[in-house]
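*Asks:* dropping the sequence and predicted coords here.
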Amino acid sequence: MSIVNSAAYSFLNSEVHTSDTYLSVETFENLRKHIYDQCGIYFQDNKKYLLEARLSKRISHLRLNSFEAYLNYLKYNVNKENEKKYLFDAITINETYFFRNQPQLDALVTKVIPEIIEQKQKAGKNRIRIWSAASSSGEEAYSIAISILDFIKIKYPDFEFEITGTDISHAAIEAAKNGIYKDYAVRSTPAHYLKKYFKAKGNVYHIDPSVKQMVQFRFLNLYDDSDMKTMMGIDIIFCANVLIYFDINSKIKVVSSLYNSLNRGGYLFIGYSETLHSVSKAFRLVSFSKTIGYRKE
Amino acid sequence: MTKTEEKYFYRSAGAADLIDFINKIPANKLSQKIPDFLDELLINEDKGIQNLLSYSLINYLGEKEAGIIARHISSDKINIRNFAGELLIKIGAKAVPALIKYLVSVSDDDDLKFTIDILGMIGDSKAGDTLISVLLSAQNENVIVACIEALGNIKYEEAVDYIMMCYDKKDVYKMYVIEALSKIGSAKALEFLHNKYPDENEFTRLTMIETMGVIGDEETFFFLLSELNEREGAIVCTIMEAILKLKDKFGFDIPFDEKMKNAVIQTVFAADPDYKEVAVYLISLFHDREILDACLRIYGKDPELDSIIKHKFFDYQNYNLLELAALINEKPANLQPLLFLLQHVLDEFDRRERKIQNVEYRNLIDSITKCLEYPHEEIRKSAMSILFRLDTGIALMFLDIMVRDDNVWNRLHLLDLLADIDIEQTKDALSVLMKDDNEMVAEKSRSLLEFNYQTEKP
């Protein structure tokens, strides 16, 4: 999951009543607080324009005439629970691609999984649970599945891999379940993987059923304690490019929940530009070739 | 023949008659006779005469004859002047007294410089004091430079102070002073270089470092090591060369740290022909992954370096092919040599039964498949071969690209690769190639397809 500036602001503006759709500073702060309370995502002051642009379309769709009205709708309308779905879709953008963080995937298949398999074998278990904790449209989760198919399955055919992708955006989850991607999403995919694990149809790529069946997708709000309790006993978590959108308190809360979800000896991988410094001391930092991971001791 | 007749003969006879006449002089009388005709021979520009002097008579020329020859240094004819110089150099130390005598008598700066140059080339220390006195009295820049060079050439240690005095007089003298000190190589000269070094520009420092490599002591070795921390660019190669010379001289070990590693990498990267020997030595000396990676970037530039890099590559047991794959992905200028190297590596791995690790394998395949559509046909051809070598199954996935290769020889090469694969997947590719515009490709595909069909039929 990520939030980027790609909204077509002028287009969105043309759909609403311009006089009423101005997002005042006060409403922005109220809206920001509401979003933060719901999912921990914090919009910095300089992202006001982004929020304004992203929500205008929804306001228009609901035939509301102001951001204040939309805030009230989110808080008090009978459909407020359902509206959350649209809110989360609107404030998230699913910009990712396959094999985005190759060193992490290499560490996964060369070090982490073999290490966990050894532990599991000693304990007489044969199932490994992997969680892509902000799976967006599924690229990361499927990249994990492909790496496992290519590197691990031949060596450990009896081991079962349960890969779960979760996201706060229902639209992203639907896209992930469809498993159909444009060129841009596969730009870093090794060419032979494209031949092996995708089917090219016109200008899109369909993920192969052998990969698709390895991954499940579902909605999950990382900021919601009850949601998080549904993800326990995980061996490896990928939570990349999510923490950057949280403030420090949200980060602490989310990372603490991720820690609880992990089995002892399990690993957490976060994004290139993210760190657990001043967020958590519970993990042990482990260095791999060109990447790092965090191990629950 | 009377003396007068003889003189007339020497002046007027043709070259052939003269040579014939001289050749008939008995050996025991030659030394005595030579002064009589030497002047006449020297002014004769005939090649046969000059040859006679240079080879047949040279061993009969001594101090007295050198005096006669030295007079011709002032000749207006450049050929005679140069020939006199050649003869004096050949006479060597025996010519020095005559040259000294001539030196103190001559007043023309060009003649003076020429004589000093000859003394420098002879390299006899007897000229040292005279050269110093000329150095001290001379005003002409060329004469002073010639004196500095000559004193360096004769390695006249007593001249060090006087040479050093010239250093700050004019910038033009600096390089000559450093070179002369480098040849003399005294402790005083070395100390002088160390003292002057900090205030000098980069270019002068470069020459100083070269000199330190020649005359340096233990202290210089450590000074140069510390210089590696301060310098970057072309000077690093020069420092490395000087360090290696001192290492050999004193039998020191070169400490291998990050700075040294970077210096070695810079030297290897520079791939400067002047420092080839240094690069070769350094590559052989240090067993380091990053240095090896740097070597890969210059692979293909020089056959001698390549051979060392290749051996080093094979000797490096822990080497994995990820860096090579990453480098191939960058499509560097030396992509073709790198692909050849990869082919050798794969052969070597087979020989050593070294398995390619999974990640290496994946990255290699990815890098090579990207080369299948590279603009250069030789690279595409190598990529085909390597891909089939790495994994036939994966290579077959890319047949759609390979059959479209616009180079006919590459398509024929593909058919060679397919010839050994008797499986269903090649049939589609062969069917496409059977319709190839090129007759050779079409014919070869047809026969391969028929052969496969026949062998499969029973």
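*Replies:* The structure has been received and is ready for your questions. Residues are numbered from 1 along each chain as shown, chains lettered A, B, ... in the order given.
*Asks:* can you show me the helices along the stretch 1-150 of chain B?
*Replies:* Here the stretch 1-150 of chain B has its helices, by DSSP state H, counting those that start in this stretch, at B:3-12, B:15-23, B:27-43, B:47-51, B:63-71, B:78-91, B:96-105, B:109-122, B:128-137, B:141-153.
*Asks:* and if you look at the stretch 151-297 of chain A?
*Replies:* All helices of the stretch 151-297 of chain A, identified by DSSP H, counting those that start in this stretch, fall at A:170-178, A:191-197, A:209-212, A:225-228, A:248-261.
*Asks:* buried residues, whichever strand or helix holds residue B:163. List them.
*Replies:* Using DSSP states H and E, the element containing residue B:163 is helix B:160-167. Neighbour-count burial for helix B:160-167 flags B:160, B:162, B:163, B:164, B:166, B:167 (criterion: 16 or more other Cβ atoms under 10 Å in any protein chain shown). (Each C-beta comes from the backbone N, C-alpha and C, glycine too.)
*Asks:* which helices and strands does that helix pack with?
*Replies:* Where contact means 3 or more Cβ pairs under 8 Å, 6 or more residues apart in numbering or on different chains; DSSP states H and E, helix B:160-167 is packed against helix B:128-137, helix B:141-153, helix B:171-184, helix B:187-196.
*Asks:* highest mean neighbour count out of those helices?
*Replies:* Ranked by mean neighbour count, those are led by helix B:141-153 with a mean of 23 (mean count of other Cβ atoms under 10 Å in any protein chain shown).
*Asks:* just for the stretch 1-150 of chain A, where's the confidence low?
*Replies:* Scanning the stretch 1-150 of chain A with the threshold set as pLDDT under 70 gives A:1-21.
*Asks:* show me the strands in it, by range?
*Replies:* In the stretch 1-150 of chain A, the strands defined using DSSP state E, counting those that start in this stretch lie at A:127-132.
*Asks:* residue in it with the shortest distance to chain B?
*Replies:* residue A:106 (5.0 Å; Cβ to the nearest Cβ).
*Asks:* just send the helices and strands packed on helix B:160-167 back as CSV, with mean pLDDT too.
*Replies:* Converted to CSV, these look like this (pLDDT from 0 to 100):
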stretch, mean pLDDT
helix B:128-137, 95
helix B:141-153, 97
helix B:171-184, 95
helix B:187-196, 94
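*Asks:* now those as CSV including distance to residue A:273?
*Replies:* Shown next, in CSV, are the helices and strands packed on helix B:160-167 (distance: least, Cβ to Cβ, whole Å):
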stretch, distance to residue A:273
helix B:128-137, 68
helix B:141-153, 61
helix B:171-184, 52
helix B:187-196, 49
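*Asks:* reformat those as a markdown table; add distance to chain A.
*Replies:* What follows is the helices and strands packed on helix B:160-167, written out as a markdown table (distance: least, Cβ to the nearest Cβ, whole Å):
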| stretch | distance to chain A |
| --- | --- |
| helix B:128-137 | 63 |
| helix B:141-153 | 54 |
| helix B:171-184 | 47 |
| helix B:187-196 | 44 |
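*Asks:* quick one: which of those is nearest residue A:161?
*Replies:* helix B:187-196 (67.1 Å; Cβ to Cβ).
*Asks:* which helices and strands does that closest one pack with?
*Replies:* helix B:160-167, helix B:171-184, helix B:202-215, helix B:218-230.
*Asks:* before we move on, the earlier item: can I get the helix holding residue B:163 in CSV? Just the C-alpha atoms.
*Replies:* What follows is helix B:160-167, C-alpha atoms only, in CSV (Å, rounded to 0.1, in the frame of the first residue of the first chain):
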residue,chain,number,x,y,z
VAL,B,160,73.5,17.2,-5.5
ASP,B,161,73.7,20.5,-3.7
TYR,B,162,74.3,22.4,-6.9
ILE,B,163,71.6,20.7,-8.7
MET,B,164,69.2,21.4,-5.8
MET,B,165,70.1,25.1,-5.9
CYS,B,166,68.6,25.2,-9.4
TYR,B,167,65.2,23.9,-8.3
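*Asks:* got the contact list for it?
*Replies:* Identification of contacts with helix B:160-167 by Cβ atoms under 8 Å, 6 or more residues apart in numbering or on different chains yields B:132, B:135-136, B:144, B:148, B:151-152, B:173-174, B:176-177, B:180-181, B:184, B:186, B:188-189, B:192, B:196.
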